[in-house]
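J.: give me a model of this one.
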Amino acid sequence: MSDVPKTHPRYLSLTLRDTIVAGVEQGITSIHGLIAHGRGEAFDYLIGEATQPFAIEAIHAAAAMLCLAEHPVISVNGNVAALAPEALIQLGQVLNAPLEVNIFHTETGREQKIRAYLLKHGASDVLMPTTEARLSYIDSNRKFVHPDGIFKADVVFVPLEDGDRCEALRKMGKDVVTVDLNPMSRTAKQASITIVDNVVRALPLLCEKIRELSSDATAQNILKKYSNAAVLQKALEHISRSGNGN
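T.: Modelled structure (predicted):
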């Protein structure tokens with residue numbers, strides 16, 4: 001890790017950079033993931049590097065959708081594995097949902113390294129992609145999934161997702177909950193619920209909200225009132241105000 005002092009105004013952001021770099025060095029994160037992280041960091045700066053009300057609204061809806069799911073699955077790529085392994089595992093535990101590795105860039109052994117990293121941090125099991133089940137509407141490596149995981153899921157939690165697979169999952173009739181700092185991305189627009197926030201802030205709040213939900217009726221009521229398009233518009237308006245110095 002770097003020697004950035006904790007008094008630095010952007011301490012968390014800078015330490016997260018170090019975490020992603022460490023992920024690359026350990027073979028967990030693709031070097032291409034550095035570019036994706038930098039893009040997200042720029043949007044995080046624009047939303048004030050804090051969890052905003054529009055993100056809280058989406059987190060409440062995400063908790064409701066995941067709690068109501070018959071077979072929720074948590075998809076894990078290299079960036080989110082490096083940034084928030086414990087939070088991912090905690091989410092899987094509160095939902096009784098499996099973690100499944102699914103990545104775009106498949107450098108030699110990276111999928112296995114991600115699985116080993118999650119197990120090291122306390123995961124009881126991690127599903128791996130297979131050739132036994134494939135997603136429709138997508139040609140990249142991300143089409144390969146586990147038959148009892150993403151392929152079977154009715155709701156897939158896909159933090160730091162790519163637009164192609166999000167679109168494919170939606171075409172297959174699955175709901176998608178994502179965390180994406182860019183409210184203008186294809187993933188953000190196509191997902192059922194988009195949490196516009198940093199994944200390291202959003203995941204603990206999501207776990208907390210899931211624990212607080214009192215009943216299926218409460219969850220259903222939350223979802224009835226939710227509009228993903230409206231939440232994305234609120235995020236854009238916040239960014240616009242930030243850009244104008246307000």
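J.: need the three-state assignment for the residue nearest the centre of the chain.
T.: Nearest to the mean C-alpha position of the chain, counting by C-alpha atoms, centre = their mean, stands Pro159 at 1.1 Å. For Pro159, the reduced secondary structure class is coil; criterion used: DSSP: H, G, I helix; E, B strand; the rest coil.
J.: next one: Lys6
T.: Classified using three-state DSSP, Lys6 is coil.
J.: and Asn102, how far is that from Arg115?
T.: The spacing between Asn102 and Arg115, counted by C-beta to C-beta, to the nearest Å, is 11 Å. Any C-beta I mention is one placed from the backbone N, CA and C, and that applies to glycine too.
J.: which one of those two has more residues nearby?
T.: More crowded of Asn102 and Arg115, by other C-beta atoms under 10 Å: Asn102, with 27 against 21.
J.: and that one, its phi and psi?
T.: phi -150, psi 110 (degrees, to the nearest 10).
J.: can you pull the pLDDT of it?
T.: We have a pLDDT of 93 for Asn102.
J.: just checking, it touches Gly78?
T.: No. Using C-beta atoms under 8 Å as the test, Asn102 is too far from Gly78 to be in contact (10.2 Å).
J.: list the buried residues in stretch 160-172.
T.: 160-162, 164-170 (16 or more other C-beta atoms under 10 Å).
J.: could I get that stretch in CSV with only the CA atoms?
T.: Extracted as CSV, the C-alpha positions of stretch 160-172 are listed here (Å, rounded to 0.1, in the frame of the first residue of the first chain):
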residue,chain,number,x,y,z
LEU,A,160,-19.3,-3.5,-11.9
GLU,A,161,-21.0,-5.2,-14.9
ASP,A,162,-20.4,-5.0,-18.6
GLY,A,163,-23.3,-3.9,-20.8
ASP,A,164,-23.3,-6.9,-23.2
ARG,A,165,-24.0,-9.4,-20.4
CYS,A,166,-26.5,-7.2,-18.7
GLU,A,167,-28.5,-7.0,-21.9
ALA,A,168,-28.2,-10.7,-22.4
LEU,A,169,-29.5,-11.5,-18.9
ARG,A,170,-32.4,-9.2,-19.3
LYS,A,171,-33.3,-10.7,-22.7
MET,A,172,-33.3,-14.1,-21.0
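J.: residues contacting Ala50?
T.: Arg201 (C-beta atoms under 8 Å, 6 or more residues apart in numbering).
J.: let me see the ranges of the strands in the chain.
T.: 72-76, 99-101, 126-127, 133-134, 144-145, 155-157, 175-179, 193-195 (DSSP state E).
J.: any chance of those in JSON lines, with mean neighbour count too?
T.: Conversion of the strands of the chain to JSON lines gives the following (neighbours: other C-beta atoms under 10 Å):
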{"stretch": "strand 72-76", "mean neighbour count": "27"}
{"stretch": "strand 99-101", "mean neighbour count": "24"}
{"stretch": "strand 126-127", "mean neighbour count": "24"}
{"stretch": "strand 133-134", "mean neighbour count": "14"}
{"stretch": "strand 144-145", "mean neighbour count": "24"}
{"stretch": "strand 155-157", "mean neighbour count": "28"}
{"stretch": "strand 175-179", "mean neighbour count": "25"}
{"stretch": "strand 193-195", "mean neighbour count": "29"}
